[in-house]
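Asker: my questions are about this predicted structure, shown below with the sequence.
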Amino acid sequence: MQIISTDKAPQPNLPYSQAVKVGNLVYTSGTLPFRPDGTFVDGTFEEQLHQVFANLEAVLDAAGTSLNKVVKTTVFLKNMDDFAKLNEIYGSYFKEHRPARSTIEVARLPKDALVEIELVAAV
């Protein structure tokens with residue numbers, strides 16, 4: 001098992017890692033719309049989602065993989081009314097393949113974020 005960490009994504013200030021690599025798989029923690037300097041993107045759903053993907057790309061890069069190797073995502077939405085916007089933007093990040101995905105509406109996310117994503121990728 002290898003702990004994955006990069007300063008190109010926000011550092012956790014709680015007892016968890018950005019990601020963990022086990023064998024040929026990388027498991028990311030739930031990723032929120034924080035900039036690498038730790039400031040929160042208090043903007044639109046679209047702005048928050050793009051920041052989440054920027055963070056995920058940085059963590060995957062540190063693990064030696066990329067979005068092209070993602071096999072499963074779990075998306076947590078504050079409001080299922082954002083589902084169509086999610087699909088539009090999400091699809092722009094997964095042009096070469098379509099990983100398995102679960103999408104869940106949740107009552108609340110940290111910092112009242114509008115979206116959080118965790119994923120599993122092959123290395």
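Answerer: Sure, I can see it.

Asker: neighbouring contacts of the lengthiest helix in the chain?
Answerer: The residue-count maximum for a helix in the chain (DSSP state H) belongs to helix 45-62. With contact meaning CB atoms under 8 Å, 6 or more residues apart in numbering, helix 45-62 is reached by 4-6, 8-10, 18-19, 26, 28, 31-36, 41, 66-67, 69-70, 82, 85-86, 89-90, 93, 113-117, 119, 121. Just so you know, the C-beta spots here come from the backbone N, C-alpha and C atoms, and that holds for glycine as well.

Asker: of these, which belong to helices?
Answerer: Those of these lying in helices (DSSP H): 85, 86, 89, 90, 93.

Asker: can I get the residues you listed in TSV including distance to residue 74?
Answerer: Output for the ones in helices among the contacts of helix 45-62, formatted as TSV (distance: CB to CB, whole Å):
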residue	distance to residue 74
85	18
86	12
89	16
90	12
93	15
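
Asker: show me where this protein has its strands.
Answerer: Along the chain, counting by DSSP state E, strands occupy 2-4, 19-22, 25-28, 70-77, 100-105, 115-122.

Asker: contact partners of the fourth one?
Answerer: For strand 70-77, the external contacting residues (CB under 8 Å, 6+ apart) are 25, 30, 60, 83, 86, 90, 94, 97, 99-106, 109, 114-122.

Asker: farthest pair in the ones in helices among the contacts of helix 45-62?
Answerer: 85 and 93 (13.2 Å; CB to CB).

Asker: I'd like the distance between residue 105 and residue 20.
Answerer: Using CB to CB, to the nearest Å, one gets 27 Å for the distance from residue 105 to residue 20.

Asker: how far away is residue 56 from residue 107?
Answerer: 23 Å.

Asker: so which of these two has more stuff around it?
Answerer: Legend: neighbour count by other CB atoms under 10 Å for residue 56 and residue 107, higher for residue 56 (24 against 5).

Asker: how about TSV for the strands of the chain, with distance to residue 48 and mean pLDDT added?
Answerer: Below are those laid out as TSV (distance: least, CB to CB, whole Å; pLDDT from 0 to 100):
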stretch	distance to residue 48	mean pLDDT
strand 2-4	22	98
strand 19-22	20	98
strand 25-28	17	98
strand 70-77	11	98
strand 100-105	15	98
strand 115-122	5	98
